[in-house]
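Chemist: compute the structure for the input listed below.
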Amino acid sequence: MTRVIHTGDTHVGYRQYHSPERRQDFLDAFEAVIDDAVSGPDGPTVDAVVHAGDLFHDRRPDLPDLLGVLSALRRLDAAGVPFLAIVGNHEATRGRQWLDLFENLGLATRLDGDPMLVGDAAFYGLDHVPRSRRDDLDYEFTPPPADAEATALVAHGLFTPFPHADWDTEALLDAATVDFDAALLGDNHVADTAQVDDTWVTYCGSTERASADERDARGYNLVEFGADAGGDAAVDIRRRSLDTRPFAFVDVELRDGEGVERVRERVRAYDLDDAVAVVSITGDGDPVTPAAVEDAALEEGALLARVTDHRAVGGDAAEATPDVDFADPDAAVRERVRGMDLSDLGRRLDETIRDDAVPDSNVRDRVASAVGDAVTAGALDGPSPTDDGAAESDAAADEADGTDGERDQVSMEDFL
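Modeler: I've put the predicted structure just below:
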């Protein structure tokens with residue numbers, strides 16, 4: 001029996017709402033996962049921690065975030081628990097990865113096409129690959145050792161049969177040269193599990209709320225690999241919650257004649273002590289001043305408050321106050337793109353234009369080809385649904401730089 005923690009999308013370093021406390025929350029959540037792995041009454045509780053990508057929020061993490069992760073990995077290493085991981089879209093660079101540095105320090109193993117045997121289970125890795133480069137994948141994996149009772153692929157992307165998918169899981173499994181018993185996934189922040197043919201496919205979800213849409217409790221998966229009575233591989237997936245900073249979701253529908261006092265009244269009805277208050281306003285009532293609502297939340301002890309009024313012209317949700325960090329323009333671009341109602345074609349074009357691996361001379365041909373394919377397929381004949389559930393998974397984040405010259409950031413070149 002092999003027992004592992006399946007986690008991912010920890011996004012260490014994310015200054016959500018430009019709050020230093022929220023940035024620390026993301027590191028604290030990652031450290032809580034490590035605590036759960038090593039702090040059993042008789043020693044470690046698992047045989048490995050498997051991370052499915054997006055360990056960091058940016059490819060150039062701040063020094064405190066980097067040192068925090070190193071400290072956590074050292075605790076894991078001291079307990080004899082291996083850290084197996086892949087690279088997600090947020091942390092990906094065109095060359096060496098931070099995960100490679102951790103591996104050189106003996107603190108991590110970067111999973112790839114060769115099996116990593118932990119107990120009786122063999123683990124493989126597939127880093128995030130932009131859609132524009134997936135046609136070149138051959139899904140060739142080295143056969144597992146003869147004594148492996150189960151095999152698992154760790155991958156980062158939006159896979160079927162889950163919402164907002166753009167990667168065909170069934171096609172991947174059919175093309176793979178190894179029969180996988182499980183696929184441990186990252187990128188979609190919503191925890192979910194399904195079965196594709198004979199393979200269990202599961203998302204662990206994010207360890208902290210990276211957007212106001214993520215209302216469910218945060219956590220990770222506890223996965224056990226073994227064999228059933230007939231000797232076939234058996235996979236057991238269970239959900240574990242993390243104690244993260246509370247979010248209070250205050251939904252207010254205003255009737256005619258109701259306004260800011262009604263919203264303030266609803267805010268005061270919640271326990272907001274040290275919480276993030278997310279206030280959503282709908283209905284036909286009077287205009288609301290966001291500052292008055294935020295003041296009411298802070299008076300109740302909230303760490304911070306975000307007010308969204310969905311009564312803008314056309315029914316589009318609009319933040320009451322601009323949320324732009326001019327010290328981090330790439331992060332601002334990512335947030336704006338995520339909030340746009342882009343079609344699949346729009347996201348593909350955005351990915352192509354922002355993909356540093358595509359030479360400038362090839363961008364026009366790539367764009368023309370994508371539009372031509374869409375016209376042929378009739379994809380321009382109707383609207384596409386909003387991709388509002390794939391938190392932090394948009395194409396802009398695939399290759400966004402995340403550089404901030406005014407912060408204490410470290411590049412791989414600087415560190416090495």
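Chemist: got any ranges where the stretch 201-350 of the chain has weak pLDDT?
Modeler: Within the stretch 201-350 of the chain, the stretches with pLDDT under 70 are 228-231, 312-350.
Chemist: helices along that one, start to end?
Modeler: 260-268, 290-299, 329-338, 344-354 (DSSP state H, counting those that start in this stretch).
Chemist: so which bits of the shortest one are buried?
Modeler: By neighbour count on 16 or more other C-beta atoms under 10 Å, the buried set for helix 260-268 is 260, 262-264, 266-267. (Each C-beta comes from the backbone N, C-alpha and C, glycine too.)
Chemist: JSON lines for those residues, including distance to residue 137?
Modeler: Listed next are these as JSON lines, based on distance: C-beta to C-beta, whole Å:
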{"residue": "260", "distance to residue 137": "54"}
{"residue": "262", "distance to residue 137": "54"}
{"residue": "263", "distance to residue 137": "50"}
{"residue": "264", "distance to residue 137": "54"}
{"residue": "266", "distance to residue 137": "50"}
{"residue": "267", "distance to residue 137": "49"}
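Chemist: which of those sits closest to residue 122?
Modeler: residue 267 (51.8 Å; C-beta to C-beta).
Chemist: if you count neighbours, what's buried in stretch 97-104?
Modeler: Buried positions in stretch 97-104, judged by neighbour count with 16+ other C-beta under 10 Å: 97-99, 101-102.
Chemist: so residue 66 sits in a helix?
Modeler: Yes: under DSSP: H, G, I helix; E, B strand; the rest coil, residue 66 sits within a helix.
Chemist: my guess is it meets residue 98, correct?
Modeler: Yes: taking contacts as C-beta atoms under 8 Å, residue 66 lies within contact range of residue 98: 7.5 Å.
Chemist: for residue 205, what are its contacts?
Modeler: For residue 205, the contact set (C-beta atoms under 8 Å, 6 or more residues apart in numbering) comprises 9, 188-192, 216, 218-220.
Chemist: tell me the residue in this protein that is farthest from the middle.
Modeler: Distance from the C-alpha centroid of the chain peaks at residue 257, with 41.2 Å (C-alpha atoms, centre = their mean).
Chemist: who are the contact partners of that residue?
Modeler: By C-beta under 8 Å, 6+ apart, residue 257 lies in contact with 285-286.
Chemist: could you measure from it over to residue 42?
Modeler: According to C-beta to C-beta, to the nearest Å, residue 257 stands 63 Å off from residue 42.
Chemist: and what of residue 74?
Modeler: 21 Å.
Chemist: between those two, who's got more neighbours?
Modeler: Ranked by neighbour count (other C-beta atoms under 10 Å), residue 74 and residue 42 place residue 74 first, with 14 against 5.
Chemist: just give the nearest non-adjacent residue to the more buried one, would you?
Modeler: Of all residues not flanking residue 74 in the chain, residue 107 sits nearest, at 6.5 Å (C-beta to C-beta, 6 or more residues apart in numbering).
Chemist: in helices, which of the buried residues of stretch 97-104 fall?
Modeler: 98-99, 101-102 (DSSP state H).
Chemist: switch those residues over to TSV; also include pLDDT.
Modeler: Output for those, formatted as TSV (pLDDT from 0 to 100):
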residue	pLDDT
98	90
99	91
101	92
102	96
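Chemist: measure stretch 177-188 end to end?
Modeler: Taking C-alpha to C-alpha, to the nearest Å, stretch 177-188 runs 25 Å from one end to the other.
Chemist: give the buried residues for it.
Modeler: By neighbour count on 16+ other C-beta under 10 Å, the buried set for stretch 177-188 is 178, 180-188.
Chemist: and which of the residues you listed is nearest to residue 145?
Modeler: Closest approach to residue 145 among the buried residues of stretch 177-188 (C-beta to C-beta): residue 178, at 11.6 Å.
Chemist: ok, and the closest non-adjacent residue to that closest one?
Modeler: Counting by C-beta to C-beta, 6+ apart, residue 178 lies nearest to residue 141, which is 4.3 Å off, once chain neighbours are set aside.
Chemist: hang on, residue 49 in a strand?
Modeler: Yes: Residue 49 forms part of a strand when assessed by three-state DSSP.
Chemist: give me the element the closest residue to it other than its chain neighbours is part of.
Modeler: In space, residue 49 comes closest to residue 5 once its chain neighbours are excluded; the distance is 4.7 Å by C-beta to C-beta, 6+ apart. Assigned by DSSP states H and E, residue 5 belongs to strand 2-7.
Chemist: how about that strand as CSV, C-alpha atoms only?
Modeler: What follows is strand 2-7, C-alpha atoms only, in CSV (Å, rounded to 0.1, in the frame of the first residue of the first chain):
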residue,chain,number,x,y,z
THR,A,2,1.3,3.4,-1.0
ARG,A,3,-0.2,6.5,0.5
VAL,A,4,0.4,10.0,-0.8
ILE,A,5,-0.8,13.6,-0.4
HIS,A,6,-2.0,15.0,-3.8
THR,A,7,-1.8,18.7,-3.7
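Chemist: please consider this matter closed, and thank you.
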